[in-house]
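Visitor: Predicted model and sequence below, questions to follow.
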Amino acid sequence: MTGADFPWGPALLFCPADRPERYEKALQRADAVILDLEDAVDPARRPEAREGLAASADTLDPTRVIVRVNPASTADHDADLAALARTPYRTVMLPKAEHVDDLAGLIRYDVIALCETAGGVLAARDLAQAEGVLALMWGAEDLVASLGGTSSRHADGRYRDVAVHARSTVLLAAGAAGRHAIDTVHLDIADLDGLAAEAEDAAAVGFAATACIHPGQVDTIRAAYRPDAADVEAARALLAAAEQAGGGVFRHDGRMVDGPVLAHARAVLRRA
């Protein structure tokens with residue numbers, strides 16, 4: 001897979017599945033909506049959330065809906081799949097994925113495997129290679145919780161080393177398997193500068209999208225993934241020069257250009 005065949009734009013917005021009155025607005029604001037049956041919903045309200053999910057089947061564009069179910073091997077997971085079967089939605093996010101066997105009940109769906117525990121990060125390579133997996137996503141807070149820790153970030157907002165390692169591991173596992181990678185949410189809703197920096201880095205290193213938890217974060221993510229006009233023009237000029245050069249290494253604007261540099265230019269145009 002390449003960035004060209006990622007099925008949505010870069011901003012994926014979580015929406016609690018027990019708030020069906022928010023579904024349409026969330027989908028209007030983002031490139032895809034993640035209807036969340038897991039962490040965003042009080043366990044006591046999950047039956048209502050499933051009914052809301054099923055009732056939305058005729059009101060939302062199913063190609064832009066992702067459903068986050070509960071982890072495999074839980075009673076909630078089985079109930080979620082029963083509700084999902086009543087809808088046209090065919091993309092599932094599986095939280096706390098740790099084994100290929102966790103995907104067994106999702107054979108009918110495109111799967112985003114969420115690697116957010118120590119076991120999940122270590123299993124990222126196997127999960128990425130599993131049949132039906134569209135993408136990997138990572139999560140910082142559940143990861144640190146699975147290690148017995150208390151915080152994924154330093155006081156200045158930077159990720160701690162273990163979170164940086166997990167992020168890179170999931171990205172590399174996805175890329176090695178030809179799958180997409182999705183960057184995790186930025187929990188500080190008011191910190192748009194921090195979100196912009198993380199999303200710009202995500203785009204630069206090859207993430208296909210960034211998930212978010214508030215509509216106010218969408219435009220920041222889109223802007224971070226969108227190359228500016230100067231970058232687009234430079235990429236076009238470089239690819240035109242490559243065509244004139246007729247192949248092989250050549251010099252352009254004072255630097256040597258080879259295959260990887262051309263691949264970077266093509267990625268800029270895909271994002272544009």
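Guide: Now that the structure is in, tell me what you want to look at.

Visitor: For the rest of this, base every contact and every neighbour count on C-alpha atoms.
Guide: OK.

Visitor: Touching the helix or strand residue 223 falls within from outside, list them.
Guide: Using DSSP states H and E, residue 223 sits within helix 218-225. With contact meaning Cα atoms under 8 Å, 6 or more residues apart in numbering, helix 218-225 is reached by 9-13, 29-30, 192, 195-197, 199-200, 203, 210, 212, 271.

Visitor: can you pull the buried residues of it?
Guide: Residues of helix 218-225 classed as buried by neighbour count (16 or more other Cα atoms under 10 Å): 218, 220-222, 224-225.

Visitor: hey, C-alpha coordinates of stretch 169-180 in PDB?
Guide: C-alpha atoms of stretch 169-180 as PDB (Å, rounded to 0.1, in the frame of the first residue of the first chain):
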ATOM      1  CA  THR A 169       8.000   0.400  16.200                       C
ATOM      2  CA  VAL A 170       4.400   0.500  15.000                       C
ATOM      3  CA  LEU A 171       5.300   2.800  12.100                       C
ATOM      4  CA  LEU A 172       8.100   0.500  11.000                       C
ATOM      5  CA  ALA A 173       6.000  -2.700  11.300                       C
ATOM      6  CA  ALA A 174       3.200  -1.100   9.200                       C
ATOM      7  CA  GLY A 175       5.600   0.100   6.600                       C
ATOM      8  CA  ALA A 176       7.500  -3.200   6.400                       C
ATOM      9  CA  ALA A 177       4.200  -5.000   5.700                       C
ATOM     10  CA  GLY A 178       2.900  -2.500   3.200                       C
ATOM     11  CA  ARG A 179       0.200  -1.300   5.600                       C
ATOM     12  CA  HIS A 180      -0.700   2.200   6.700                       C
END
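
Visitor: for the closest residue to residue 89 other than its chain neighbours, what are its contacts?
Guide: Excluding its sequence neighbours, the residue lying closest to residue 89 (Cα to Cα, 6 or more residues apart in numbering) is residue 62, at 5.1 Å. With contacts defined as Cα under 8 Å, 6+ apart, the neighbours of residue 62 are 88-90.

Visitor: for the stretch 51-200 of the chain, what spans make up the strands?
Guide: In the stretch 51-200 of the chain, the strands defined using DSSP state E, counting those that start in this stretch lie at 65-68, 91-94, 110-115, 133-138, 180-183.

Visitor: Out of those, which is closest to residue 56?
Guide: With Cα to Cα as the criterion, residue 56 lies closest to strand 65-68 of the strands of the stretch 51-200 of the chain, at 10.6 Å.

Visitor: Which strands or helices does the closest one pack on?
Guide: strand 32-36, strand 91-94 (3 or more Cα pairs under 8 Å, 6 or more residues apart in numbering; DSSP states H and E).

Visitor: Format those as TSV; extra columns: distance to residue 187.
Guide: What follows is the helices and strands packed on strand 65-68, written out as TSV (distance: least, Cα to Cα, whole Å):
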stretch	distance to residue 187
strand 32-36	16
strand 91-94	19
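
Visitor: hmm, back to that, now the strands of the stretch 51-200 of the chain in JSON lines, with mean pLDDT?
Guide: Below are those laid out as JSON lines (pLDDT from 0 to 100):
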{"stretch": "strand 65-68", "mean pLDDT": "98"}
{"stretch": "strand 91-94", "mean pLDDT": "98"}
{"stretch": "strand 110-115", "mean pLDDT": "98"}
{"stretch": "strand 133-138", "mean pLDDT": "98"}
{"stretch": "strand 180-183", "mean pLDDT": "98"}
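
Visitor: Throw those into JSON lines and include mean neighbour count, thanks.
Guide: Converted to JSON lines, those look like this (neighbours: other Cα atoms under 10 Å):
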{"stretch": "strand 65-68", "mean neighbour count": "25"}
{"stretch": "strand 91-94", "mean neighbour count": "25"}
{"stretch": "strand 110-115", "mean neighbour count": "26"}
{"stretch": "strand 133-138", "mean neighbour count": "26"}
{"stretch": "strand 180-183", "mean neighbour count": "28"}
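
Visitor: which one of these lies closest to residue 161?
Guide: Comparison of these against residue 161 by Cα to Cα identifies strand 133-138 as nearest, at 14.5 Å.

Visitor: Would you pull up how far that closest one lies from the middle of the chain?
Guide: 7 Å (Cα atoms, centre = their mean, to the nearest Å).

Visitor: Much appreciated, bye for now.
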